[in-house]
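In: everything below, folded, please.
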Amino acid sequence: MANLIRFGVSIEATLLRNFDRFIRERQYENRSEALRDLIREALVEEEWEKDEVIAGGIAFVYDHHHKQLVNKLLDIQHDFHDLVVSSQHVHLDHSNCLEIVIVKGSSVKVGALYHQLKSMKGIKHIDILKTTTGSRLK
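Out: Next up, the predicted model:
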């Protein structure tokens, strides 16, 4: 890694034992890798909080037999066409579909899209994946 900097950290013994357990359970090679990941996660969360340009995904399961739901879901995605990069539709069984919408743009607008989709009658479950465009992370 270019510009690698080493620094010391003071930490309580119990907290360090718990961190080491965390590292083992998640199969990190060392504390440095785990710490880097935790820092990146915090920075991505900060991007979302500060309404920066982010990337992410919205996944939802719905009953495709629900009257007019499919058309309403498409209308909502078209209303947010500036955010929607791509979507993937999967038939889970005769009644249930999974849709994953890939988004890029303002985190506030992505949140608005998420909440509008979530409020639709017939949505069985919805979740959002918060990630980054990667431009601030090395």
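
In: contacts only, for the closest residue to Trp48 other than its chain neighbours.
Out: Nearest residue to Trp48, sequence neighbours excluded (CB to CB, 6 or more residues apart in numbering): Ser107, at 4.4 Å. (Each C-beta comes from the backbone N, C-alpha and C, glycine too.) Residues near Ser107 by CB atoms under 8 Å, 6 or more residues apart in numbering: 47-52, 54.

In: from those, pick the one nearest Glu29.
Out: Using CB to CB, Glu47 is the member of these that sits closest to Glu29, with 26.5 Å.

In: the closest one against Gly134, yeah?
Out: No - counting by CB atoms under 8 Å, Glu47 does not reach Gly134; the two are 10.3 Å apart.

In: of those two, who's got more company?
Out: Neighbour count, other CB atoms under 10 Å: between Glu47 and Gly134, Glu47 has more, with 20 against 10.

In: did I read that right, that one in a helix?
Out: Yes - assigned with DSSP: H, G, I helix; E, B strand; the rest coil, Glu47 falls within a helix.

In: got the contact list for it?
Out: For Glu47, the contact set (CB under 8 Å, 6+ apart) comprises 54, 107, 132, 136.

In: per-residue confidence for it?
Out: We have a pLDDT of 93 for Glu47.

In: do His66 as well
Out: Looking at His66, its pLDDT reads 87.

In: the protein: helices as residue ranges?
Out: Counting by DSSP state H, the chain has helices at residues 13-25, 31-49, 69-79, 107-118.

In: Gly122 contacts Asp63, doesn't it?
Out: Yes - applying CB under 8 Å, one finds Gly122 in contact with Asp63, separated by 5.3 Å.

In: give me the common contacts of those two.
Out: Residues touching both Gly122 and Asp63 (CB under 8 Å, 6+ apart) are Leu69.

In: burial measure for Leu92, as a count.
Out: Leu92: 11 surrounding residues under other CB under 10 Å.

In: contacting residues for it?
Out: Counted by CB under 8 Å, 6+ apart, Leu92 has contacts 61, 98.

In: tell me the confidence at it?
Out: 97.
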